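[1] Predicted model, plus sequence, below.
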Amino acid sequence: MKRIYFDNAATTSLDPKVLEAMMPYLTEKFGNPSSIYSYGRETRMAIENARKSVAKILNAHPAEIFFTSGGTESSNTAICASVSDLGCKRIITSKIEHHATLHTVEYLQCNDKVELDYVKVLPNGHIDLEDLERLLSESDEKCLVTLMHANNEIGNLLDLHAVGMMCKKYNAISHSDTVQTVGHYPFDLRNTPVHFITGAAHKFHGPKGVGILYINENIKIKPFIHGGSQERNIRAGTENLYGIVGFAKALELATADYEKDKDTIQQVKMYMMDALQRDIPGVYFNGDPTGKSLYTILSVSFPKSEKSEMLLFNLDINNICASGGSACTSGADAGSHVIRAINNNPNQVTVRFSFSRHNTKSEVDAVIEKLIACI
């Protein structure tokens, strides 16, 4: 049986056109971008053109785009700099953030760098914005608000603009982990009140190991990694040249066909929801899948039984790739902190299916058939 890949929120396949754009920089265009001779100038130009391309797509200024190793580094940089450079003494976040955020804020709290508050999460997985305003209004300290744009496990979307305006009102710094939405959602950063956002190329058919950090031009931070003047003195180290070229190309391709891809993927997601409800009794969907939700993610809870507890294993045997929540912790299956926070039902087994433009309804049919057999 052909492999069916329904774990695109973990990573996506590399687009052949992206590989094609990267290849010259893996072969003959190998100069160090910091060198002054023509080989170096040629690769420096490639990086700056990539920066301009990314900035244009996100409607930001090129000087606000910094290339990193991915979303985790970008979030760490933004959160730590908000505390060390921007005077934030309190962090407001949620219990359903990615571990790149949660572990960073917990580390800062444990080392007595900040006070930490968790905003309430509603039963449908959305952030309680009234509670966020209460926390901001009651704080005597300068706050950092770090809330993800789309949850990587349940797909719920945050109103980035509303949160940004609230931060503005209370003079707070705003950071959003937008790893699941850059490349899948239109951004207009000049008209969005946010200080930091993040992105990772491998979430939209680009290469692994390269990301971006957007830093609003009105704030200044110090380097997180020291030892060189790269990325305008913000991130030391020889640049991931071919990764950066790949990031820009993947983002260009992802946004060129955004509407068409969104419709295709949304149809596959809805088709799967309907089929699951029709064919599997007691199935339950986490979050707000038909409301304010990203079209690429579907979190499904199945009734717990001896058979369903082996569900991911059985899907894997049948060449079907899905995850039990967040793939970033797979192999150390402690269950999902996101599902625990919104739906702590021990009698359910949760599987996340996440889709790309390469998925089809016939693949959904094949997966449903196997699920029926497994359950």
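    Noted; the coordinates are in hand. Residues are numbered from 1 along each chain as shown.
[2] how close does A78 get to I339?
    26 Å (C-beta to C-beta, to the nearest Å). (C-beta placed from N, C-alpha, C; glycine too.)
[3] quick one, which of those two is more surrounded?
    Here A78 and I339 are set side by side on neighbour count (other C-beta atoms under 10 Å), and the busier one is A78, at 28 against 25.
[4] does that one count as helix, strand or coil?
    Here A78 is recorded as helix under DSSP: H, G, I helix; E, B strand; the rest coil.
[5] Nearest residue to it in space, please, no chain neighbours.
    F196 (3.8 Å; C-beta to C-beta, 6 or more residues apart in numbering).
[6] That neighbour against D177, yeah?
    No. Applying C-beta atoms under 8 Å as the test, F196 and D177 come out as separate, 9.3 Å apart.
[7] Comparing these two, which residue is more hemmed in?
    D177 (30 against 26).
[8] Identify the residues contacting the more buried one.
    Listed by C-beta atoms under 8 Å, 6 or more residues apart in numbering, the contact set of D177 reads 71, 75, 97-98, 100-101, 146-149, 198.
[9] How about H61?
    Taking C-beta under 8 Å, 6+ apart as the criterion, H61 is in contact with 55, 190, 217.
[10] So, low pLDDT: which residues of the stretch 151-300 of the chain?
    Segments of the stretch 151-300 of the chain classed as low confidence (criterion: pLDDT under 70) are not present in this model.
[11] cutoff 90 now
    Using pLDDT under 90 as the threshold, the predicted model of the stretch 151-300 of the chain has low-confidence ranges 224.
[12] With the stretch 1-150 of the chain instead?
    Using pLDDT under 90 as the threshold, the predicted model of the stretch 1-150 of the chain has low-confidence ranges 1-2, 39.
[13] make it 70
    Filtered on pLDDT under 70, the stretch 1-150 of the chain yields the residue ranges 1.
[14] in it, which spans are helices?
    Counting by DSSP state H, counting those that start in this stretch, one finds helices in the stretch 1-150 of the chain at the ranges 16-26, 38-58, 71-84, 99-110, 129-138.
[15] Turn those into a markdown table, columns for distance to I372.
    Supplementary listing: the helices of the stretch 1-150 of the chain in a markdown table, determined by distance: least, C-beta to C-beta, whole Å:
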| stretch | distance to I372 |
| --- | --- |
| helix 16-26 | 35 |
| helix 38-58 | 42 |
| helix 71-84 | 36 |
| helix 99-110 | 33 |
| helix 129-138 | 40 |
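[16] H358: which of those helices is closest?
    Taking C-beta to C-beta as the criterion, H358 comes closest to helix 16-26 out of those, the separation being 11.9 Å.
[17] Can you get me a residue count around M45?
    12.
[18] and if you look at the one 3 residues further on?
    For E48, the number of neighbouring residues by other C-beta under 10 Å comes to 13.
[19] Spatially, and excluding backbone neighbours, which residue is closest to the residue nearest the centre of the chain.
    Centrality entry for the chain: nearest residue to the mean C-alpha point is V179, 2.2 Å, by C-alpha atoms, centre = their mean. The shortest distance from V179 to any residue other than its chain neighbours is 3.8 Å, reached at G71 (C-beta to C-beta, 6+ apart).
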